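Participant: Need coordinates for the below:
(one chain, ligands or ions: 1)
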Amino acid sequence: MLYTIEYLTEKIKESEKPYDLDKITAAYEVANDAHKGVKRSSGEPYITHPIAVACILLEFYMDTDTLCAALLHDVVEDTDVTLDSLRKRFGDDVANLVDGVTKIGQVPLNNTKEEQQAENTRKILIAMSKDIRVIIIKLADRLHNMRTIMYRPPEKQRKKALETMNFYAPIAHRLGMSAVKEEMEDISIKILDPYGSKMIEDMLNKHKEQRDTFIDVIKNRIRDRIQDIQPPPTIEGRVKSVYSIYKKVYVKGKSFDEIYDIYAVRVIVSTVIECYNVLGIIHDIFKPIPYRFKDYIATPKPNRYQSLHTTVIGREGIPFEVQIRTYEMHNTAQYGIAAHWKYKAGISGKVSGEKRFDWIRHIIEQQQDTDDIEQIADAIKVDLSPDDVYVFTPKGDVITLPAGSTIIDFAYAIHTQVGNRMTGAKVGGKLIRFDYQLHTGDIVEVMTSSSACPNRNWLEIAKTNEARSKIRSWFKRECRDENIREGMTAIENEFRRNKMIPDDEFIQDLAHIQHFDNKEDFYAAIGYGGVILSKIMQRAKDMYSARHGASDATEDSSGIGYTGRRRSGVIVDGMENCLVKFAKCCNPLPGDDIIGFITRGYGVSVHKTDCMNVQSSPPEDKERWIKVAWAAANESDSYNATIDIIAEDRTALIADVTAVIAGNRIPIRHITAHNLKNGNGNIIVTVEVASVEQLTNLIARICKISGIISAERTGIV
Ligand code: MN
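Facilitator: Numbering: from 1, shown residues only. As a prediction, this is how the structure comes out:
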């Protein structure tokens with residue numbers, strides 16, 4: 001068969017359908033020009049292929065735009081013609097169909113996967129075909145390629161046959177296009193198992209004459225009994241497809257004799273009532289085999305197939321299957337979804353909406369009487385979860401990710417090392433940004449380098465917890481020093497933004513609250529993302545304002561201030577883990593008698609019992625004073641205490657005082673000195689001590705320094 005534009009034109013005219021021949025011819029001319037000089041493996045001009053595809057679609061009575069798209073289906077991928085130019089010349093529909101066919105043609109099909117993977121791939125192919133005509137064109141394309149497969153090298157033949165068997169034939173089946181399905185399977189099985197399929201063909205051929213006679217006899221007997229029906233029914237007899245017999249012999253392990261339905265006779269009538277009438281007549285002529293009757297008219301198959309099936313035994317003792325259906329059912333059985341264009345020429349096959357459909361339930365609910373192609377196409381819209389995206393590796397493995405996922409999620413879903421070493425990725429051959437959101441059907445190629453490593457901002461970009469936790473553990477392991485630096489910088493920046501100037505102790509305390517042993521671990525955790533800074537900031541702010549905040553002015557009507565320290569060295573009566581701070585007015589030290597004041601919102605402030613502010617507390621605050629006590633001394637605990645020193649003014653006085661303090665290994669927090677009007681000097685020094693005892697000892701030593709007039713503990717700094 002030589003496919004030429006003349007042949008196609010003739011067939012179009014024969015169809016007597018309202019095709020736009022000018023548009024189709026124009027599409028042919030663009031395609032013919034684009035493919036000029038290129039030959040198929042068969043040696044024929046390339047243009048014969050798109051014409052053949054258009055011819056197949058014409059047999060399905062597909063519309064003008066589908067035929068145009070069929071003629072143009074390879075130009076965008078294989079030639080210089082652009083999608084835009086097609087859009088301008090032939091409109092959105094044709095351009096979108098060509099684009100769709102090109103895209104699903106690029107999906108890599110993995111032939112080695114188990115059934116679930118294959119099923120996913122099939123669903124994605126259908127889902128990618130937003131317009132159902134896309135997949136119908138693709139099936140016609142593949143069918144013609146299979147018809148001419150013998151011109152390809154053997155390894156290509158095998159690959160294409162496997163793909164056809166695994167993906168395209170099941171899709172054709174799902175769409176109810178049984179003629180396409182059977183032809184694809186029969187061609188493929190000959191390539192995949194030449195020996196096995198030859199055996200079946202031989203067995204079938206062996207008794208060909210006998211069989212032909214047998215079928216003719218049966219047809220005549222049926223025809224005799226139903227000749228009253230007008231218009232006269234069509235009666236067809238045939239041997240079932242090679243592959244359907246092959247499956248029964250080799251897959252189900254039946255012997256050739258056991259197969260009932262090698263022969264099938266079909267009776268096609270005009271009405272449903274006639275179907276059941278004919279069934280009764282058949283059962284009267286031949287002996288039905290029990291349990292072999294199936295009523296697919298009352299209960300259509302999921303792919304909309306309808307027929308009555310019964311298996312009977314003739315006089316010769318040979319069983320055969322009889323299928324009874326109306327012409328319309330017959331069309332649906334042959335062409336499936338495509339048959340609907342036959343009755344509704346010019347109708348669009350676009351799938352509207354993103355609704356998820358339960359295909360089987362839909363069919364049962366809708367019954368078989370809908371002719372609305374929108375509904376049918378909707379029903380075919382496969383049941384992939386709308387919350388997920390399904391993308392391919394270059395080998396055709398399907399990776400399922402939550403919607404919104406990025407190439408980072410994809411890379412880590414493949415393997416941790418692929419993620420850690422990713423330098424970038426291509427989708428459909430084009431480099432894309434890291435924050436590109438993947439779409440169902442994308443083919444993602446990850447580029448890696450052994451020297452590459454994750455970037456910290458991937459944590460913000462990645463969508464899946466899996467990817468994020470893998471990135472975090474990489475940072476945790478690989479770069480502790482860097483993490484610590486990152487964490488410190490992050491904290492500084494965040495605190496500065498909040499106008500907080502934390503000291504080391506504050507950070508240390510914050511680290512403890514987050515269950516870190518030391519602040520390095522804490523910084524590192526912030527660095528690799530184990531601690532999300534924004535999540536702990538509120539607490540940090542509360543802590544900070546408890547220590548430095550406006551509480552001085554607002555909380556204590558008496559003007560009591562606080563030291564900037566929080567210690568766990570105090571037990572508050574009846575309260576565990578109570579936030580405690582020390583009042584600045586008296587700076588209590590372990591050993592002092594103390595009492596607590598319940599503040600509004602910042603825990604308990606601890607005063608010395610003999611503090612002025614306790615003595616002068618207003619009666620209405622009486623309820624807020626509670627009992628507190630020093631806990632067992634902890635070596636690492638230390639407290640601020642201030643000493644007020646008066647001395648004769650002399651050189652090196654300050655040096656002597658600080659030398660004594662340092663000699664006792666007591667840290668100095670703050671020191672000021674100035675001259676009094678009477679000529680004496682005044683030094684006020686704040687030190688860090690563990691107890692009253694230590695402070696008392698220190699004061700005693702200071703008093704021994706020459707020229708010291710007095711040295712006293714004081715509450716006010
Ligand atoms: Mn093609």
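Participant: how does this protein divide into domains?
Facilitator: 5-151, 198-343, 387-453, 549-634, 639-714 (automatic domain parsing).
Participant: So which of those domains is nearest the ion?
Facilitator: domain 5-151 (4.2 Å; C-beta to the ion). Using the backbone N, CA and C atoms, a C-beta is placed for each residue, glycine as well.
Participant: Can you confirm whether the closest one lies near the ion?
Facilitator: Yes: between domain 5-151 and the ion, judged by C-beta under 5 Å from the ion, the touching residues are 74, 141.
Participant: for the record, mean pLDDT for that domain?
Facilitator: Confidence for domain 5-151, expressed as mean pLDDT, is 90.
Participant: what about the helices in the stretch 301-450 of the chain?
Facilitator: Listed in chain order, the helices found in the stretch 301-450 of the chain under DSSP state H, counting those that start in this stretch are 327-335, 339-343, 359-366, 373-380, 407-414, 416-420.
Participant: Least reliable of the ones you listed by average pLDDT, please.
Facilitator: Looking across the helices of the stretch 301-450 of the chain, the weakest by mean pLDDT turns out to be helix 359-366, at a mean of 37.
Participant: all helices of the stretch 601-717 of the chain, in order?
Facilitator: Going by DSSP H, counting those that start in this stretch, the stretch 601-717 of the chain shows helices at 612-615, 653-663, 692-703.
Participant: now those as a markdown table including mean neighbour count, distance to residue 269 and mean pLDDT?
Facilitator: Below are the helices of the stretch 601-717 of the chain laid out as a markdown table (neighbours: other C-beta atoms under 10 Å; distance: least, C-beta to C-beta, whole Å; pLDDT from 0 to 100):
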| stretch | mean neighbour count | distance to residue 269 | mean pLDDT |
| --- | --- | --- | --- |
| helix 612-615 | 16 | 107 | 80 |
| helix 653-663 | 15 | 113 | 87 |
| helix 692-703 | 17 | 111 | 90 |
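Participant: Including distance to the ion, could those go into CSV?
Facilitator: Shown next, in CSV, are the helices of the stretch 601-717 of the chain (distance: least, C-beta to the ion, whole Å):
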stretch, distance to the ion
helix 612-615, 92
helix 653-663, 89
helix 692-703, 92
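Participant: Test my guess that residue 3 contacts residue 48.
Facilitator: Yes: between residue 3 and residue 48 there is a contact under C-beta atoms under 8 Å: 4.4 Å.
Participant: What parts of the chain come near the ion?
Facilitator: 74, 141.
Participant: Distance of residue 691 relative to residue 27?
Facilitator: Distance, residue 691 to residue 27, by C-beta to C-beta, to the nearest Å: 97 Å.
Participant: and if you look at residue 76?
Facilitator: 13 Å.
Participant: before we move on, the earlier item: for residue 579, find the nearest of the helices of the stretch 601-717 of the chain.
Facilitator: Nearest of these to residue 579, taken as C-beta to C-beta: helix 612-615 at 19.4 Å.
Participant: Show me which of the domains of the chain has the highest average neighbour count.
Facilitator: Counting by mean count of other C-beta atoms under 10 Å, domain 5-151 has the highest mean neighbour count of the domains of the chain, with a mean of 19.
Participant: got the residue ranges for the helices in the stretch 51-200 of the chain?
Facilitator: Going by DSSP H, counting those that start in this stretch, the stretch 51-200 of the chain shows helices at 64-72, 75-78, 83-106, 115-128, 132-147, 154-163, 169-174, 178-192, 194-206.
Participant: Let me see the ranges of the strands in the stretch 351-500 of the chain.
Facilitator: When assigned using DSSP state E, counting those that start in this stretch, the strands of the stretch 351-500 of the chain occupy the ranges 388-392, 398-402, 422-427, 430-432, 444-448.
Participant: which residues make contact with the third one from outside it?
Facilitator: Identification of contacts with strand 422-427 by C-beta atoms under 8 Å, 6 or more residues apart in numbering yields 407-408, 410-411, 431-432, 434, 436, 438, 442-449, 452, 454.
Participant: Equivalent analysis for stretch 180-194, please.
Facilitator: Against stretch 180-194 from outside (C-beta under 8 Å, 6+ apart): 139-140, 142-143, 146-147, 149, 157-158, 161-162, 164-165, 168-170, 172-173, 196-198, 241-244, 246, 250.
Participant: Average pLDDT for that stretch, rounded please.
Facilitator: 94.
Participant: Off-centre distance for it?
Facilitator: 35 Å (C-alpha atoms, centre = their mean, to the nearest Å).
Participant: What of stretch 517-524?
Facilitator: Relative to its parent chain, stretch 517-524 has a centroid offset of 34 Å by C-alpha atoms, centre = their mean.
Participant: Let me see the mean pLDDT of that stretch.
Facilitator: 84.
Participant: Give me the helices and strands touching the strand or helix carrying residue 596, please.
Facilitator: Per DSSP states H and E, residue 596 falls inside strand 594-598. Applying 3 or more C-beta pairs under 8 Å, 6 or more residues apart in numbering; DSSP states H and E, one finds that strand 594-598 makes contact with strand 570-572, strand 604-608, strand 625-626, strand 628-630.
Participant: One more pass at 6 Å, please.
Facilitator: strand 604-608, strand 625-626 (3 or more C-beta pairs under 6 Å, 6 or more residues apart in numbering; DSSP states H and E).
Participant: Partner strands of that strand and their direction?
Facilitator: With DSSP bridges as the test, strand 594-598 is paired with strand 604-608 (antiparallel), strand 625-626 (antiparallel).
Participant: Of all the helices of the stretch 601-717 of the chain, which one comes closest to residue 480?
Facilitator: Per C-beta to C-beta, nearest to residue 480 of these: helix 653-663, 34.9 Å.
Participant: ok, now which ones touch residue 393?
Facilitator: The contact partners of residue 393, by C-beta atoms under 6 Å, 6 or more residues apart in numbering, come to none.
Participant: That should have said residue 15, apologies.
Facilitator: Counting by C-beta under 6 Å, 6+ apart, residue 15 has no contacts.
Participant: and if you look at residue 204?
Facilitator: Contacts of residue 204 by C-beta under 6 Å, 6+ apart are residue 239.
Participant: Let's see that with 8 Å instead.
Facilitator: Counted by C-beta under 8 Å, 6+ apart, residue 204 has contacts 211, 239, 242, 245, 262.
Participant: got a pLDDT number for it?
Facilitator: pLDDT at residue 204 comes out at 80.
Participant: Against residue 316, how distant is it?
Facilitator: 17 Å.
Participant: Likewise for residue 615?
Facilitator: Residue 615 is 123 Å from residue 316, where distance means C-beta to C-beta.
Participant: One more: residue 229?
Facilitator: Taking C-beta to C-beta, one finds residue 229 at 26 Å from residue 316.
Participant: and what of residue 684?
Facilitator: Taking C-beta to C-beta, one finds residue 684 at 124 Å from residue 316.
Participant: Residue 332 now?
Facilitator: Remark: distance between residue 332 and residue 316 (C-beta to C-beta) = 33 Å.
Participant: what's the answer for residue 130, then?
Facilitator: 53 Å.
Participant: now swap in residue 106 and tell me
Facilitator: The value you get for residue 106 to residue 316, if C-beta to C-beta is used, is 53 Å.
Participant: Perfect, that will be all.
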